[in-house]
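> using only what follows, build the 3D model:
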Amino acid sequence: MQAIWSSYLPGFALAFSLIMAIGAQNAFVLRQGLRRQHVLPVVLVCTLSDALLITAGVAGFGALATAVPGLELAMRVFGAAFLVWYGARTLWSAWKGGEALEAGEGAQSRRKAVLTCLALTWLNPHVYLDTVVLLGTISARYDAVPFTFGAVTASTTFFFSLGFGARVLAPVFKRPAAWRVLDLLVGLTMWAIAVSLTLG
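Presented below is the predicted three-dimensional model:
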């Protein structure tokens, strides 16, 4: 039992510290949570995607990602292009205001929310570097199964807490100015990540 915990806890701690960094995916989950819109499907997309990527990394896919330079370049180009587009949409929303200013309102469909979340997850090279390459490399030091379970548990805990805990801030976002500030921060975050991907 002690051997299991000695692998589970490092997997949980490392994954949680990586996931909680501010990024495009987290910003989107936070925004959906504040709007109380399609939170469960979005959170499930994030957790299931992370589970697949973490498992692939521990299983050795990290070696493939580092061995194929063209794969990383393609991920950077597509990821940066998507983030520039999504950031521009969000900044435009911040500029004009008037849309979904009340928590829980908004016309975004469940399908669109899920597709956006999938794109922010699978087109973001940082996700692969964190979950597949880094976690996959470090997992070699531990028992693979409990390490993977610990990392997946951390991801699930974080995204459910972020998505459903965001409603605590809902009273603040009843003010139109708060939504505009959030959109501004989200848009700038997307563009900052796109720049970092372009610069390598």
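> what about the helices in the chain?
All helices of the chain, identified by DSSP state H, fall at 2-19, 24-35, 39-56, 62-67, 69-96, 110-122, 125-127, 135-138, 144-165, 176-199.
> can you tell me which of these is packed in deepest?
Ranked by mean neighbour count, these are led by helix 24-35 with a mean of 23 (mean count of other C-beta atoms under 10 Å). All C-beta atoms are positioned from the backbone trio N, CA, C, and that covers glycine.
> now do residue 92 against residue 117, distance only.
The gap separating residue 92 from residue 117 is 20 Å, by C-beta to C-beta, to the nearest Å.
> please name the nearest non-neighbouring residue to residue 39.
residue 163 (4.6 Å; C-beta to C-beta, 6 or more residues apart in numbering).
> from residue 132, how far out is that neighbour?
Distance from residue 163 to residue 132, by C-beta to C-beta: 23 Å.
> and what of residue 112?
Using C-beta to C-beta, one gets 27 Å for the distance from residue 112 to residue 132.
> before we move on, what about residue 9?
Distance of residue 9 to residue 132, computed by C-beta to C-beta: 21 Å.
> give me the most central residue, this protein.
residue 25 (2.9 Å; C-alpha atoms, centre = their mean).
> okay, the residue nearest to residue 39: pLDDT?
With respect to pLDDT, residue 163 scores 92.
> could you do the one 10 residues further on as well?
In the predicted model, residue 173 carries a pLDDT score of 68.
> lowest confidence element among the helices and strands of this structure?
helix 62-67 (a mean of 62; mean pLDDT, DSSP states H and E).
> thinking again about what came up before, ok, now which ones touch the residue nearest to residue 39?
29, 30, 32, 33, 39, 40, 42, 43 (C-beta atoms under 8 Å, 6 or more residues apart in numbering).
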